[in-house]
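Novice: Sharing a sequence plus its predicted fold:
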Amino acid sequence: MSSRYPSDLTDAEWKRIEPIFDRFRFDEHDPRELINAVFYLVKSGCQWRMLPEEFPPWQTVYYHFRKWREPGLLQRLCDRIRRAARVAAGRDSSPSAAAGDTQSVDTERQGGPDRGRDPNKQVTGRKRHVIARALGLLLAVVVHSANENDAQSAPSVLGRLLGQSRTPEGDLCRQWV
């Protein structure tokens, strides 16, 4: 299979993650094409309905994305990719250190319930707490209202890192912020 887009999986990458998809049945579409479509969406930032015609229909891709997200399959996929990237860089597969950062980001006026004002940064919007490994690979991301205090949010960020607090919405999206 030739790569059409920079976000497409190489043969070696697909071989490494293919076993994750073995328990799912695919009647009409190749799982590699479906995951390539998801990676294209994440990389390009386009809307589901703007998925190029070379991929399966956007409704099919979205259906599989939701089906994979709920049992934590996408989280396992991200974990496997991170471990492989660490080994390829000559490091141990598990990190011994991580760094955390917080960023307040403006959102639109109709931003929804998770919108607040960060008085320190003079920003009205949301706040991202990110914990990353030395190679820059994300370990945990939590998004909440910008008016939440960093000290109050730390337990939820650390809980996400330790796998104790998972939300049913947005794990993949938050991992790729």
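Specialist: Sure thing, it's come through.

Novice: Flag every buried residue along the lengthiest helix in the chain.
Specialist: For the chain, the helix with the greatest residue count under DSSP state H is helix 73-88. Judged by neighbour count (16 or more other Cβ atoms under 10 Å), helix 73-88 contains these buried residues: 73-75, 77-78, 82-83, 86. Where you see a C-beta, it was placed from the backbone N, CA and C, and this is true even at glycine.

Novice: and it, what other elements does it pack with?
Specialist: On a contact count with 3 or more Cβ pairs under 8 Å, 6 or more residues apart in numbering; DSSP states H and E, helix 73-88 meets helix 11-17, helix 58-69, helix 171-175.

Novice: which residue ranges form the strands in this structure?
Specialist: Assigned by DSSP state E, the strands in the chain fall at 99-106, 116-118, 123-132, 138-145.

Novice: Quickly, which of these bottoms out on average pLDDT?
Specialist: Sorting those by mean pLDDT places strand 116-118 lowest, at a mean of 74.

Novice: domains of this protein?
Specialist: Per the record's domain assignment (automatic domain parsing), the chain is made up of the domains 11-69, 99-175.

Novice: any chance of the helices and strands packed on helix 73-88 in CSV, plus mean neighbour count and distance to residue 153?
Specialist: Converted to CSV, the helices and strands packed on helix 73-88 look like this (neighbours: other Cβ atoms under 10 Å; distance: least, Cβ to Cβ, whole Å):
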stretch, mean neighbour count, distance to residue 153
helix 11-17, 13, 32
helix 58-69, 16, 23
helix 171-175, 17, 14
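
Novice: Using a markdown table, lay out those together with distance to residue 45 and mean pLDDT.
Specialist: Listed next are those as a markdown table, based on distance: least, Cβ to Cβ, whole Å; pLDDT from 0 to 100:
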| stretch | distance to residue 45 | mean pLDDT |
| --- | --- | --- |
| helix 11-17 | 21 | 85 |
| helix 58-69 | 15 | 90 |
| helix 171-175 | 11 | 37 |
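
Novice: and those as CSV, adding distance to residue 149?
Specialist: Shown next, in CSV, are the helices and strands packed on helix 73-88 (distance: least, Cβ to Cβ, whole Å):
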stretch, distance to residue 149
helix 11-17, 39
helix 58-69, 30
helix 171-175, 20
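
Novice: Quick one: closest of those helices to residue 95.
Specialist: Of all the helices and strands packed on helix 73-88, the one in closest proximity to residue 95, counting by Cβ to Cβ, is helix 171-175 (15.5 Å).

Novice: Thanks again, I'm all set now.
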